[in-house]
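Peer 1: have a look; sequence and predicted model below, questions after that.
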Amino acid sequence: MKFYNVKKRKSVEVSEANCKKVVYKRQTSKGPQERYAVRAQDNDGTNLTKFVNKATYDKLSCPKG
């Protein structure tokens, strides 16, 4: 899976086995909001987050974190 590393200022490739699926939930004035994301860590220790849509989230085989 491709992530953008802010420290390196370039895209990096992380294997799907090293990723975790996450759902961020929050309450807004229009009601509850859910955002789907994939989290990983680069080889230099940088935390990486990529927001995806629900269809992509459901297709991924990585574990929930």
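Peer 2: Ah, there it is.

Peer 1: most remote residue from the middle of the protein, which is it?
Peer 2: Taking Cα atoms, centre = their mean, the residue of the chain most remote from its mean C-alpha position is residue 29, at 24.9 Å.

Peer 1: got phi/psi on it?
Peer 2: phi -70, psi -20 (degrees, to the nearest 10).

Peer 1: ok, it to residue 18 distance?
Peer 2: Using Cβ to Cβ, to the nearest Å, we find residue 29 at a distance of 37 Å from residue 18. C-beta here means a position set from N, CA and C on the backbone, and glycine is covered the same way.

Peer 1: ok, back up a step: so for the residue farthest from the centre of the chain, what's the pLDDT?
Peer 2: For residue 29, the model assigns a pLDDT of 97.

Peer 1: centre of the chain versus stretch 2-9, how much separation?
Peer 2: Mean-position distance between stretch 2-9 and its chain equals 13 Å (Cα atoms, centre = their mean, to the nearest Å).

Peer 1: just stretch 2-19 next, same as before
Peer 2: With Cα atoms, centre = their mean, you get 10 Å for stretch 2-19.

Peer 1: and that stretch, which residues are buried?
Peer 2: Using 16 or more other Cβ atoms under 10 Å as the test for burial, stretch 2-19 gives 3, 5, 12, 14, 19.
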